[in-house]
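>>> how would this look folded up:
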Amino acid sequence: MTDILHLFAAGGLIMYPILLASVAAIAIAIERHRYYKQSKTDLALIERELPALLTSADYAAAEALCVKAKGLASEVLREGIGKIRLGLDQRELLEGQASRAAASVRENLNFVSAIVTLSPLLGLLGTVTGMIRSFDVLSVAEGEPFAITEGVAEALIATAFGLFVAILALVIH
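Next up is the predicted model:
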């Protein structure tokens, strides 16, 4: 654990935004996992019982079945069944509901996508600042060849962590 803290400190100030990006990506992953788990529908129940209820025009029982089946797909169906008596175009209504449901499934993934793009750029910025520090030390250290290594280490560590967070966020996405 102390090795990771040492690497973090050696990576320079740019490590803090990279850490923030990784925490945000993990938080979004946890939130999305919970949402997806909660959105799961008992499709076998719907497929087995809903056609008979719709054929017999028992819309109240069909809505109750959708509530019992839970999840996102049953919510879309319940909304459609609830409005069946209005004489609206059911296909258009269900497409609209499904489109809204799909948008809720993709919610927050745009932030993960931004983290995928931002993290390597932050790592690259750390590379540049580390190299600037290296050359600054080199100009001051006259004749000390190992003085440059701290800045190079900062550059490489920031790049590595930036790439790690980008890969993590890409896997989450």
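
>>> so what pLDDT did residue 141 get?
We have a pLDDT of 52 for residue 141.

>>> Is there a neighbour count for residue 173? I'd like the number.
Close neighbours of residue 173, defined as other C-beta atoms under 10 Å, add up to 16. In this view, the C-beta of every residue, glycine as well, is placed from N, C-alpha and C.

>>> Surely it is in contact with residue 111?
No. Residue 173 is beyond contact range of residue 111, at 9.7 Å (criterion: C-beta atoms under 8 Å).

>>> what's residue 166 in contact with, if anything?
Counting by C-beta atoms under 8 Å, 6 or more residues apart in numbering, residue 166 touches 115-117, 119-120, 123.

>>> Angles on the backbone of residue 56, please.
Phi and psi for residue 56, reported as degrees, to the nearest 10, are phi -90, psi 0.

>>> Give me the nearest residue to residue 68, chain neighbours excluded.
residue 45 (7.0 Å; C-beta to C-beta, 6 or more residues apart in numbering).

>>> Which strand or helix spans the one you found?
Element membership of residue 45, judged by DSSP states H and E, is helix 43-55.

>>> Just the CA coordinates for that helix, please, in CSV.
Extracted in CSV, the C-alpha atoms of helix 43-55 (Å, rounded to 0.1, in the frame of the first residue of the first chain):
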residue,chain,number,x,y,z
LEU,A,43,-39.7,-11.8,-19.0
ALA,A,44,-40.7,-15.4,-18.7
LEU,A,45,-43.7,-14.4,-16.6
ILE,A,46,-44.7,-11.7,-19.1
GLU,A,47,-44.4,-14.0,-22.0
ARG,A,48,-46.3,-16.7,-20.3
GLU,A,49,-49.3,-14.7,-19.0
LEU,A,50,-49.6,-11.4,-20.8
PRO,A,51,-50.9,-12.5,-24.2
ALA,A,52,-53.9,-14.3,-22.6
LEU,A,53,-54.7,-11.2,-20.5
LEU,A,54,-54.5,-8.9,-23.5
THR,A,55,-56.6,-11.3,-25.7
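
>>> what comes up buried for the next helix-or-strand element following that helix?
Where DSSP H and E defines the elements, the next helix or strand beyond helix 43-55 is helix 59-69. Residues of helix 59-69 classed as buried by neighbour count (16 or more other C-beta atoms under 10 Å): 61-63, 65-66, 69.

>>> any idea how far helix 59-69 is from the chain center?
Its chain's C-alpha centre and that of helix 59-69 lie 32 Å apart, by C-alpha atoms, centre = their mean, to the nearest Å.

>>> The residue lying closest to residue 11 once chain neighbours are set aside - how many residues pack around it?
Excluding its sequence neighbours, the residue lying closest to residue 11 (C-beta to C-beta, 6+ apart) is residue 157, at 3.9 Å. Applying other C-beta under 10 Å, we find 24 residues neighbouring residue 157.
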